[in-house]
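below is the sequence, then the predicted model.
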Amino acid sequence: MNDPFAKRLRETVRAVLPQNAFLRRDRGDALFITDAPRRGMNPDWASLGFLCETKDGLARITPGPIWLNALESEYALPPDRLCRTFARFKGTPSPASIQLFALGMKMLDGGPYDPAFDRSLRQTAAEALRKHENCGGLYACALIHHRIEKERLK
């Protein structure tokens, strides 16, 4: 998929990596993985709005709350019915929303379509409603869903 927001995320990370460091989509819960720490450099990911877990010389990078809020701010009005129903889930992103956001961004970054994203999005919202929790950030995930569907229908 050729999504401009996904490109912006990738370019932001790529810009601070040392020469010859790889940058790939993570196969786990993060969005990206890089070997920058093995090359003697681990940028200040938090200052770029990313969460980072470093282990065994690899950095697993996930977009933080700033990125979810940035995507939400790009839409003055919800672009489709699903987004309208998820508009109540704006605000400070929960850990579940951040993880779901990374899963969706993998598809927008060129990864294969994963139907688990749609199911997880709806299940997380249903659970939040049952428990009377806000679960901020799910609106951003619904926007990703919209962008994925828009790309798939091209």
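Alright, I've got the coordinates. Residues are numbered from 1 along each chain as shown.

helices of the protein, residue ranges please.
Assigned by DSSP state H, the chain shows helices spanning 4-15, 65-73, 81-86, 95-108, 116-130, 138-152.

ok, and what's touching stretch 52-72?
Residues from elsewhere that reach stretch 52-72 (Cβ atoms under 8 Å, 6 or more residues apart in numbering): 5, 9, 13, 26, 28-38, 42, 45-46, 49-51, 90, 92-93, 97-99, 101-102, 105, 137, 139-141, 143-144. For glycine as for every other residue, the C-beta is placed from the backbone atoms N, C-alpha and C.

residue 98: neighbour count?
Residues near residue 98, counting by other Cβ atoms under 10 Å, number 23.

quick one on the thing from earlier: what about burial for the contacts of stretch 52-72, which qualify?
Neighbour counting by 16 or more other Cβ atoms under 10 Å classes 5, 9, 13, 26, 30-37, 42, 45, 49-51, 90, 93, 97-99, 101-102, 105, 137, 139-141, 143-144 among the contacts of stretch 52-72 as buried.
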